[in-house]
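Asks: Coordinates only, no sequence provided:
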């Protein structure tokens, strides 16, 4: 899937409108490009790129230029060969790369994200990183290794339940084994989301949130339980044997956090994670050839989008209770670089065939994440930092809609 076409853009537009209403704002332009891409909630790791590699790629990228939104014939840095691929050339990325002056030092995080993304599009690979032990000049950034949906994060790490059932010896074809494995992984992630929403409920109560947000959080836990049962049923269907979640470590999961950290987690897990999960699921449903599976995936997509609406309503609550801490959390999330490493193990299975089975290829998943971030999430979050937003009073905001449960 290339840069969002008319059919998929309509999905993003509807999602953006729903989230704007949940947040209670108007006038934030759809299709305002932000920096990304962004995936689900994450654990951070620091990486370092050699500045000479960044400079080399910048020169080749700018020399190729943008032609009607497409950059062509861009060669990779550090001597990497040119490819025949024609990567997306987003205006915001081109400007960010153009604005970086190598003589002034390393790129800032916005420029680094643009360089990193456009390199991967041009070369179907990541920028080469500096050796762990080097005295050469390198530019550091943070990659966030992301999981699926709304994870259960404790001390910066996403926890998953154990798996009851052995898929490695399941009978059937390699295709059936691969499908059983990925649906079981999804089932574990959805099961962990039950705990994540249970913790969210406690946090909402601790910070005095209104009843409607607490009720919606409880309902979301039940939604995730239903999603988990569906995914494990799919895994069992392909494996020919039953699989189910095992114990989940909840130690230290309920430690009270600061209000800013609470808002930051809600932004990452909900505003970002749930929005992208809903749009990825919608794309899975669109590509699935089995009507029954497509219907089930569409229902899950709707649930995940409602969970994203809840996250944006919680964000609005944060702005009303402690605007300074909430905006600080928004700024920190906008500065993050999310690296989505999750990918279905389709192996030698053709991409079209794999996606017709209701799964996304790594390429499609990355593009959905990119479009969802740049077309939906980033414009909303950046809109909160505009002066016209900060000058508004609560009475000037749209009234919050009631969450339907």
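Replies: Great, that's in hand. From a predicted model like this one, the values you see are computed outputs, not experimental measurements. Residues are numbered from 1 along each chain as shown.
Asks: what bits of the stretch 301-405 of the chain have low per-residue confidence?
Replies: 337-346, 387-405 (pLDDT under 70).
Asks: which residue ranges form the helices in this protein?
Replies: 6-23, 51-64, 91-99, 109-123, 174-206, 211-239, 259-265, 275-287, 291-321, 323-334, 351-356, 362-372, 378-384, 387-390 (DSSP state H).
Asks: who does the fifth one touch, helix- and strand-wise?
Replies: This means helix 174-206. strand 152-154, strand 157-159, helix 211-239, strand 244-245 (3 or more C-beta pairs under 8 Å, 6 or more residues apart in numbering; DSSP states H and E). C-beta here means a position set from N, CA and C on the backbone, and glycine is covered the same way.
Asks: Tell me which of those lies nearest to residue 259.
Replies: Proximity to residue 259, assessed across these by C-beta to C-beta, is greatest for helix 211-239 (14.7 Å).
Asks: In that closest one, which residues are buried?
Replies: 213-214, 216-217, 219-221, 223-224, 227-228, 230-232, 234-236, 238-239 (16 or more other C-beta atoms under 10 Å).
Asks: can the helices and strands packed on helix 174-206 go into a markdown table with extra columns for distance to residue 129?
Replies: Converted to a markdown table, these look like this (distance: least, C-beta to C-beta, whole Å):
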| stretch | distance to residue 129 |
| --- | --- |
| strand 152-154 | 25 |
| strand 157-159 | 22 |
| helix 211-239 | 34 |
| strand 244-245 | 35 |
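Asks: Please name whichever of these is nearest to residue 128.
Replies: strand 157-159 (27.3 Å).
Asks: Would you enumerate the residues in contact with the residue lying closest to residue 184 once chain neighbours are set aside?
Replies: Using C-beta to C-beta, 6 or more residues apart in numbering and skipping the chain neighbours, the partner closest in space to residue 184 is residue 235 (4.0 Å). Under the criterion of C-beta atoms under 8 Å, 6 or more residues apart in numbering, the neighbours of residue 235 are 167, 179-181, 183-184, 187, 243.
Asks: Could you list the domains of the protein?
Replies: In the domain annotation for the chain, the residue ranges read 6-41+147-396, 51-142 (automatic domain parsing).
Asks: and those, which one's lowest on average pLDDT?
Replies: Of all the domains of the chain, mean pLDDT reaches its minimum on domain 51-142 (a mean of 65).
Asks: that older thread, residue 289 is nearest to which of the helices and strands packed on helix 174-206?
Replies: helix 211-239 (15.0 Å).
Asks: what separates the closest one from the chain centre, distance-wise?
Replies: Distance of helix 211-239 from its chain centroid, counting by C-alpha atoms, centre = their mean, to the nearest Å, is 19 Å.
Asks: coming back round to it: would you turn the helices of the chain into TSV with distance to residue 157?
Replies: Listed next are those as TSV, based on distance: least, C-beta to C-beta, whole Å:
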stretch	distance to residue 157
helix 6-23	28
helix 51-64	30
helix 91-99	31
helix 109-123	23
helix 174-206	12
helix 211-239	19
helix 259-265	13
helix 275-287	19
helix 291-321	21
helix 323-334	18
helix 351-356	29
helix 362-372	21
helix 378-384	24
helix 387-390	34
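Asks: how about those, which one is nearest residue 252?
Replies: Short answer: helix 174-206, nearest of the helices of the chain by C-beta to C-beta, at 11.1 Å.
Asks: Which positions within the closest one qualify as buried?
Replies: 175, 177-201, 203-204.
Asks: now do stretch 239-247
Replies: 239, 241, 243-245.
Asks: Just name the closest of those to residue 160, please.
Replies: Once C-beta to C-beta is applied, the member of those that ends up nearest residue 160 is residue 245, at 8.6 Å.
Asks: closest to residue 305 among the contacts of residue 235?
Replies: So of the contacts of residue 235, ranked by how close each gets to residue 305 (C-beta to C-beta), first place is residue 187, at 20.2 Å.
Asks: what's the closest non-adjacent residue to the closest one?
Replies: Closest to residue 187 by C-beta to C-beta, 6+ apart is residue 231, at 3.5 Å.
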